[in-house]
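Participant: My questions concern the predicted model and sequence given below.
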Amino acid sequence: MKTPLTLLAATLLSLGALHADEPRWVLGSPLVDAEATLEGKPVRLVDPAIVRDGDTWHVFASASGGTVWFAVKDLSKRPAVRELTRLPVERCFVPQVFYHRAQQRWHMIGMVPDTTGRWPKMAPCLCTNANLNDPQGWSKPEVLDVPPPQDAAKPVKLWIDFWVICDEQKAHLFATSADGRLWRAETALDKYPHGWSAPVLALEGDFIYASHTYRQEGPEAARYITLVTARGADTADADGAAAAKPPQRHYQQSYTAARLEGPWVPAAATAAQPYAGTANIRRTDALWSGDISHGEPLRQGNDERMILEPQPPGFIFHGARRSSVDAKAKAGACVGLLEREKQ
């Protein structure tokens, strides 16, 4: 007869075993390259987010202290856009976008600089819009009244990259504190976006920021997966050869849990075995530096449950890419799209 501890161990082992569906990716030319402009001026894009509405992909990113947007039907077109649109969300940036079914509005979770001294430098915020195709329809940021994280032994000096996901009873807000800690607050569905609890420590690891969390359905039970940016030694240079002194590259780790409350266990969480990193990416465009930062997988769903298919076809991210015309120029920030390697 299996004991409860044996059953728990088996469950955690099952949740962490991603070898069967561990992705392998292909990286080609940028989705948005260094030639893109905002109001006619060069712009640096980071923190991309993507959501699908009907037959259109909507891409959001941080730029110039705020958030920009563009829409495209065909992600195979490169670059997807040359001119970006600034959203009227003031200083809200690092966006997450989903459709809130109960309110029948699109929600953008982001962060704004804290001017009150209450939060560790950044505060979570919410903007809403009735029509995703109307970039001027976004509301001004509303600061979410989430209590700041407390840890007397190791005070939180900064928390960033806010993310909301809902289960059957609650809305959960996650944030990283740029020091290998992931925090979680919650509120009842009928109180969202208000009524948040004090954040609790959800996970500690060697990641640095940007935990993005999803629900994945399974044959027996659903699981949750969080993808987070970490920094580790690169295993190969741009040509695939072993590096004498491996540089530190950003890559994507994954952790899984049966419930959003945890416990979270490592799945693909090392540079040698990443969710997305140089160890499992084949580059057809060698100008990329190898950094895979702040990514989000492509998914068919778009609501607050954040449902992700078991094998997402792509993964949007920001990274650095060298110029194709000036070998001495410093690598510039670009938005890229990893595509799942066809077997």
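Facilitator: Yes, it's here. In this text, all values refer to a predicted model and were calculated from it rather than measured experimentally.
Participant: Now do the contacts for Val59.
Facilitator: By C-beta atoms under 8 Å, 6 or more residues apart in numbering, the contact set of Val59 is 31-32, 48-50, 69-72, 80, 316, 335. The C-beta positions use only the backbone N, C-alpha and C, and glycine is treated the same way.
Participant: mind listing what's buried in whichever strand or helix holds it?
Facilitator: In the assignment (DSSP states H and E), Val59 maps to strand 56-63. For strand 56-63, burial by neighbour count (16 or more other C-beta atoms under 10 Å) applies to 57-63.
Participant: Out of these, flag the one nearest to Glu339.
Facilitator: Glu339 has its nearest neighbour among those in Trp57, at 13.6 Å by C-beta to C-beta.
Participant: Would you agree that closest one is in contact with Ala71?
Facilitator: Yes - between Trp57 and Ala71 a contact is recorded at 6.9 Å, counting by C-beta atoms under 8 Å.
Participant: roughly how far out does the strand holding Val59 sit from the chain middle?
Facilitator: Strand 56-63 sits 12 Å away from the centroid of its parent chain (C-alpha atoms, centre = their mean, to the nearest Å).
Participant: Only alpha carbons, please: show that strand as CSV.
Facilitator: Presented in CSV, the C-alpha positions along strand 56-63 are these (Å, rounded to 0.1, in the frame of the first residue of the first chain):
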residue,chain,number,x,y,z
THR,A,56,-4.9,38.0,-35.4
TRP,A,57,-1.9,38.0,-33.1
HIS,A,58,-1.5,41.1,-30.9
VAL,A,59,2.0,41.8,-29.7
PHE,A,60,2.8,44.2,-26.8
ALA,A,61,6.2,45.3,-25.5
SER,A,62,7.9,47.8,-23.2
ALA,A,63,9.5,50.8,-24.9
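Participant: Direction included, what does it pair up with?
Facilitator: Partner strands for strand 56-63, per DSSP bridges, with pairing direction: strand 46-53 (antiparallel), strand 66-72 (antiparallel).
Participant: State the mean pLDDT of the first one.
Facilitator: If I follow you right, that is strand 46-53. The average pLDDT within strand 46-53 is 98.
Participant: Could you pull out the buried residues of that strand?
Facilitator: By 16+ other C-beta under 10 Å, the buried positions in strand 46-53 come out as 46-51.
Participant: likewise stretch 314-333?
Facilitator: 314-322, 332-333.
Participant: tell me the least confident of the residues you listed?
Facilitator: Comparing those by pLDDT, Gly332 comes last, at 88.
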